[in-house]
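Peer 1: I would like the atomic coordinates for the input below:
(chains A, B, C and D)
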2 protein chains.
Amino acid sequence: MSAGRTARERVRAELTREITDIARRQLALDGAAGLSLRAVAREMGMVSSAIYRYFPSRDDLLTALIIDGYNALGEAVENADAACPPGDHTGRWLAVCHAVRDWALAHPHEYALLYGSPVPGYKAPVDTVAAAIRDTVVYGRIVSDAHRAGVLNPPDLCPPVPASFGRDAARVRELMPGVPDEVVARAVTAWTGLFGWVGFELFGQFNNAILDPAPAFDHAVRCHAALLGLPV
Amino acid sequence: MSAGRTARERVRAELTREITDIARRQLALDGAAGLSLRAVAREMGMVSSAIYRYFPSRDDLLTALIIDGYNALGEAVENADAACPPGDHTGRWLAVCHAVRDWALAHPHEYALLYGSPVPGYKAPVDTVAAAIRDTVVYGRIVSDAHRAGVLNPPDLCPPVPASFGRDAARVRELMPGVPDEVVARAVTAWTGLFGWVGFELFGQFNNAILDPAPAFDHAVRCHAALLGLPV
DNA sequence: AAGAAACGAGAGCACCGCTCTTGACGATCT
DNA sequence: AGATCGTCAAGAGCGGTGCTCTCGTTTCTT
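Peer 2: Residues are numbered from 1 along each chain as shown, chains lettered A, B, ... in the order given. This is a model prediction of the structure:
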């Protein structure tokens, strides 16, 4: 890796990057279905078949964009978390949730690529999975930090988690060490609730009901935080 | 409407129905992007241009499928609600949530069409909106029924809803008359949480973390019910 | 019975993803 | 220095797509 040694390697890396840049711009304009290898090639002054030297198929180009997207979202989430005082767990949680929504609103088509319906026939390669959990790691760290600090007091209103959740909880707990099953379950619920909210807003599911989503969203993530046991 | 008067109207209605049936089957196999007017025509033994006598564009055919999908989901939700004792509000809520998940798992591509990323360039016509809220009406009725019965005791753990939510709450309240803003906000949160969960499960966002989603889902919707103030 | 409307078939346009071949260029080895 | 081998852009071409237009035919309406 590093800086390509030979001139050929350098120009290849540069062209690869230019392809993804143009593709990302097309994606932002027309969405995933509007992404066309021929159009990318046209914009680069190349012929369409030349693109296949760099990406063996359209799906591979999409995969590159997906990985980039997960990393961009993950970085936004990491930055939002890092900008908060580490001891302010509730503030970190809220900041991270708002970072997700802000990033989604700024990059709607990329968000749709990551969290919308999977492109039919497209199977996520393993490479994407590693990038996909980059933001999830941050949520988990906030929860486990709060738990370790002893400030996590989940209200006693949910029924006990079923024993059958234990195996799944153990897997999720790798992201939030030491956290009991009850809290793991609520963290998953808060996590899905966050993305459910953002998806509904972005994909127009609120129709004409919620015209001012920002305050409603803020209230929702505060509810999630309270359910989680964070002080609100 | 009713039975077409003339023979031509009857055969037209029949062919229209056959087109949507074949299209729905294609949709179930390959997803929305794999839906091809030419393939539908081929399967009907027609020539592709003939389809345009019935649907002026591919998007119009998709719109018909979307409306059918919303109605199918709405009907499943209505049936699940109707099968419960009207006074068992918590049971109705849980039944409705499970009905959404069950329908989504049984019709993944149709669900993706309704709640996944909107097809780029596709603007939902007004016809779809009416069908889209068919299930939402049921959620609203359960909440307002519970409120009217006096069994709704929302726990005091969320911060107060911001005043700016008032106008949106008024709009949502048309689906759940008499319900105070605090509960309206939580209902929206539970609603988005429900679909966020189902979407994550269906679109593979749980990766290798949650392998046994059913009990976790049940716990999540019970948490939502508790947050709403339903007795759990 | 005559005119109007609806219909299916066919050809054709501009796209798309993808494959294969060709000829030129550049790095590497003898 | 010259031959070799891998890489590259280009072009033609295949089968597919949504969509449009025209042309006879059929069916309904008046």
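Peer 1: could you give the number of residues near whichever residue of chain A sits closest to chain B?
Peer 2: Using CB to the nearest CB, the closest approach of chain A to chain B is made by A:G196 at 1.8 Å. All C-beta spots, glycine's among them, are computed from the backbone N, C-alpha and C. A count of neighbours around A:G196, defined by other CB atoms under 10 Å in any protein chain shown, yields 26.
Peer 1: for it, report the pLDDT, please.
Peer 2: Predicted confidence (pLDDT) for A:G196: 98.
Peer 1: would you put the C-alpha positions of the helix or strand of chain A with the lowest mean pLDDT in PDB?
Peer 2: Lowest by mean pLDDT, DSSP states H and E among the helices and strands of chain A is helix A:126-132, with a mean of 88. The C-alpha trace of helix A:126-132 is given here as PDB (Å, rounded to 0.1, in the frame of the first residue of the first chain):
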ATOM      1  CA  VAL A 126     -17.300  -9.000   4.300                       C
ATOM      2  CA  ASP A 127     -15.300  -5.800   3.700                       C
ATOM      3  CA  THR A 128     -18.500  -3.800   4.200                       C
ATOM      4  CA  VAL A 129     -19.300  -5.400   7.600                       C
ATOM      5  CA  ALA A 130     -16.200  -4.100   9.200                       C
ATOM      6  CA  ALA A 131     -16.900  -0.600   8.100                       C
ATOM      7  CA  ALA A 132     -20.600  -0.900   9.000                       C
END
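Peer 1: in contact with A:S48, which residues?
Peer 2: Contact analysis of A:S48 by CB atoms under 8 Å, 6 or more residues apart in numbering or on different chains lists A:37-38, A:41-42.
Peer 1: give me the helices and strands touching the helix or strand encompassing A:V143, please.
Peer 2: A:V143 is part of helix A:134-148 when elements are defined by DSSP states H and E. Applying 3 or more CB pairs under 8 Å, 6 or more residues apart in numbering or on different chains; DSSP states H and E, one finds that helix A:134-148 contacts helix A:58-82, helix A:89-106, helix A:181-202.
Peer 1: still on that earlier bit, how about the least confident helix or strand of chain A: buried residues?
Peer 2: A:128, A:131-132 (16 or more other CB atoms under 10 Å in any protein chain shown).
Peer 1: can you name the residues in contact with that helix?
Peer 2: A:63, A:66-67, A:70-71, A:74, A:114, A:124, B:205, B:207-208.
Peer 1: now do the contacts for the residue of chain A closest to chain B.
Peer 2: B:192-197, B:199-200.
Peer 1: again with A:D21
Peer 2: Contacts of A:D21 (CB under 8 Å, 6+ apart): none.
Peer 1: can you redo the contacts of A:S48 as CSV with neighbour count, pLDDT and secondary structure?
Peer 2: Formatted as CSV, those follow (neighbours: other CB atoms under 10 Å in any protein chain shown; pLDDT from 0 to 100; DSSP: H, G, I helix; E, B strand; the rest coil):
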residue, neighbour count, pLDDT, secondary structure
A:L37, 19, 97, helix
A:R38, 12, 96, helix
A:A41, 18, 97, helix
A:R42, 13, 96, helix
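Peer 1: and the closest residue to DNA strand D within chain A, which of the three is it?
Peer 2: Nearest residue of chain A to DNA strand D (CB to the nearest atom of the strand) works out as A:S49 at 2.9 Å. Classification of A:S49 using DSSP: H, G, I helix; E, B strand; the rest coil returns helix.
Peer 1: within range of DNA strand C, give me the residues from chain A.
Peer 2: Applying CB under 7 Å from any atom of the strand, one finds that chain A approaches DNA strand C through A:6-8, A:35-39, A:48-49, A:52, A:56-59.
Peer 1: what's the closest non-adjacent residue to A:F195?
Peer 2: Using CB to CB, 6 or more residues apart in numbering or on different chains and skipping residues adjacent in sequence, the residue nearest A:F195 is B:G196, 5.2 Å away.
Peer 1: mean confidence for stretch A:109-118?
Peer 2: Here the average pLDDT along stretch A:109-118 is 92.
Peer 1: that one near chain B anywhere?
Peer 2: Yes - on the criterion CB under 8 Å from any CB of the partner chain, stretch A:109-118 is in touch with chain B at A:109, A:112-113, A:115-118.
Peer 1: in JSON lines, list these along with distance to A:W93, secondary structure and neighbour count.
Peer 2: Compiled in JSON lines, the residues of stretch A:109-118 next to chain B are given as follows (distance: CB to CB, whole Å; DSSP: H, G, I helix; E, B strand; the rest coil; neighbours: other CB atoms under 10 Å in any protein chain shown):
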{"residue": "A:H109", "distance to A:W93": "27", "secondary structure": "helix", "neighbour count": "24"}
{"residue": "A:A112", "distance to A:W93": "25", "secondary structure": "helix", "neighbour count": "22"}
{"residue": "A:L113", "distance to A:W93": "26", "secondary structure": "helix", "neighbour count": "23"}
{"residue": "A:Y115", "distance to A:W93": "19", "secondary structure": "helix", "neighbour count": "26"}
{"residue": "A:G116", "distance to A:W93": "25", "secondary structure": "coil", "neighbour count": "22"}
{"residue": "A:S117", "distance to A:W93": "28", "secondary structure": "coil", "neighbour count": "25"}
{"residue": "A:P118", "distance to A:W93": "28", "secondary structure": "coil", "neighbour count": "20"}
